[in-house]
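**Q** Need a 3D model of the following:
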Amino acid sequence: MRRWPVTSDSATPARATSPSWTTTAWTGARASDTYGITGPWFVTADEIPDPHRLRIRSWVNGELRQDGSTAEMVHSVPEQLAWLTEALTLAPGDILSTGTPLGHGVVQPGDVVRGEIEGLGVIENKVVLDG
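**A** This is a model prediction of the structure:
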């Protein structure tokens, strides 16, 4: 069985409107230099008994926007890895950002986004206008 480190990823500055894996809007929004703040730390797979049943919550300016579970993801992590490795070669240390439950919505400069994944901790970032 393969083991992957697990962490939290804060998708702060942009939110694509299309969840389709084939649209440039979805992939392009996530390719920005300021996208995908990762942390606050990594944990090893043995520290997470079931990565497919972790509670995920996020707040924007203190308002709860998301409250879901990794069990609700449209595509499981093994499915995502299978799809990605059809086109990419993954190496140790690569990070797979899997997405989040519905509800996050648009954020604006000045907003404070707080994300929490059960067993991983909390990450909080202020949205800033790049450029």
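
**Q** hey, where'd the helices end up in the chain?
**A** 24-29, 77-84 (DSSP state H).

**Q** Could you identify which of these has the lowest mean pLDDT?
**A** When those are compared by mean pLDDT, helix 24-29 comes last with a mean of 51.

**Q** Break down the protein into its strands, ranges please.
**A** Along the chain, the stretches classed as strands by DSSP state E are 9-10, 37-38, 55-60, 63-69, 112-117, 121-126.

**Q** Any chance of those in CSV with distance to residue 76 as columns?
**A** For the C-beta atoms, the positions are set from N, CA and C on the backbone; glycine is no exception. As requested, these are exported to CSV (distance: least, CB to CB, whole Å):
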stretch, distance to residue 76
strand 9-10, 17
strand 37-38, 21
strand 55-60, 15
strand 63-69, 12
strand 112-117, 16
strand 121-126, 23
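
**Q** between those, which one is nearest to residue 78?
**A** Closest of the strands of the chain to residue 78 is strand 63-69, at 16.8 Å (criterion: CB to CB).

**Q** Could you list the paired strands of the closest one along with their orientation?
**A** Sheet pairing for strand 63-69, assigned by DSSP bridges, gives strand 55-60 (antiparallel).

**Q** The partner strand to strand 121-126, inter-axis angle?
**A** 20 degrees (axes from the mean of the first three to the mean of the last three CA atoms, to 10 degrees).
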